[in-house]
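1. 3D model of this:
(one chain, ligands or ions: 2)
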Amino acid sequence: TRSTRPQRLLRAVQKKAIKGDPQSVISTIDYFCRHSEWAMNVGDEKGAILDSVVCEVSPSTALELGTYCGYSTVRIARLLPPGTKLITLEFNPDYAAVARQIIEYSGLQDKVRVLWTDGVNHIYICLVEGASGDLIPKMQELFGIKTFDFVFLDHWKDRYLPDTKLLEECQLLRKGSILLADNVICPGTPDYLEYVRNSPRYESKYFKSHLEYTKVEDGLEKSVFLG
Ligand SMILES: O=C(NC/C=C/[C@H]1O[C@@H](n2cnc3cncnc32)[C@H](O)[C@@H]1O)c1cc([N+](=O)[O-])cc(O)c1O
Ligand SMILES: [Mg+2]
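-> Ligands and ions are numbered 1, 2, ... in the order given. Sure, this is the predicted structure:
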């Protein structure tokens, strides 16, 4: 059967990127998506904004919702000091398999710790297969996480708001926690945007950019949880 787009993206990384070099993995994926096949990675332009926010926050605990191929996982992990806990959630096993290989190819697998959700044994790779709605309530129990300093939202757009409310309910956000949301214009997350921009519990700011690898407007919304 025909390969999938994530598999073709992985093959491009294995063929063209320098093993153990995260920047080369990132550049290879961006080149592939610009010149061969578009894919829904946050991309280089919005990725630079993501980088600046990660550096500014320098989180000791971080959560990514929607790993997909692991592009933004590598972008984030390459900026984190060792010992940081970056949990990335992906419920599609095929995407998770590709992401794990891309994370390992970049040499970041020890930095990006994952705990499986099978509850049987904890294999330390930071990629958890499971749905955010099921996993968020288990963060303390499974990973010993008290609160997240940084959350990157890039999964199904209608999950941003329910998962943000779930993070609040599970007390996984503290005063000063930063939420950074991709695609708030395209494809758009209107209910999430309305919430973080009008809730007294958040201070929000929009970073105008473009949809990855295109000239279409898109942007990132950075929201500080005020407690
Ligand atoms: O649709 C987009 N992203 C959805 C991303 C979804 C990814 O997150 C996972 N997921 C979903 N809910 C989950 C819950 N729990 C765990 N993984 C989950 C899905 O298995 C997929 O790997 C998108 C679309 C465009 N676009 O131009 O069309 C551009 C973008 O930048 C995008 O991010
Ligand atoms: Mg996105």
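
2. would you list the strands that whichever strand or helix holds residue 209 pairs with, along with their directions?
-> Following DSSP states H and E, the helix or strand that holds residue 209 is strand 202-210. Applying DSSP bridges, strand 202-210 is found paired with strand 217-225 (antiparallel).

3. thinking again about what came up before, now do the buried residues in the strand holding residue 209.
-> For strand 202-210, the buried set under the neighbour-count rule, 16 or more other CB atoms under 10 Å, comprises 202, 204, 207, 209-210. The way it works is simple: take the backbone N, C-alpha and C, and place the C-beta from them, glycine included.

4. give me every residue that touches the residue of the chain found nearest ligand 1.
-> Taking CB to the nearest ligand atom as the measure, the chain has residue 66 as its residue closest to ligand 1, at 2.9 Å. Contacts for residue 66 (CB atoms under 8 Å, 6 or more residues apart in numbering) come out as 89-90, 132, 153-156.

5. hmm, try it at 7 Å
-> By CB atoms under 7 Å, 6 or more residues apart in numbering, residue 66 lies in contact with 90, 154-155.

6. one more: residue 186?
-> With contacts defined as CB under 7 Å, 6+ apart, the neighbours of residue 186 are 211, 216-218.

7. try it again at 6 Å.
-> 211, 216, 218 (CB atoms under 6 Å, 6 or more residues apart in numbering).

8. what's the closest non-adjacent residue to the first one?
-> The shortest distance from residue 211 to any residue that is not its chain neighbour, by CB to CB, 6 or more residues apart in numbering, is 4.1 Å, and that residue is residue 218.

9. wait, the one you found sits on residue 185?
-> Yes - because the distance of 4.7 Å satisfies CB atoms under 6 Å, residue 218 is recorded as touching residue 185.

10. who in this structure is up against ligand 2?
-> Taking CB under 5 Å from the ion as the criterion, the chain approaches ligand 2 at residues 154, 182-183.

11. ligand 1 contacts on this structure?
-> 40, 66, 68, 89-92, 95, 131-132, 154-156, 159, 182-183, 186-187, 211-212 (CB under 6 Å from any ligand atom).

12. how close does the residue nearest to residue 211 sit to residue 55?
-> To residue 55, residue 218 is 21 Å away according to CB to CB, to the nearest Å.

13. just want the residue of this structure that's nearest ligand 2.
-> residue 182 (3.7 Å; CB to the ion).
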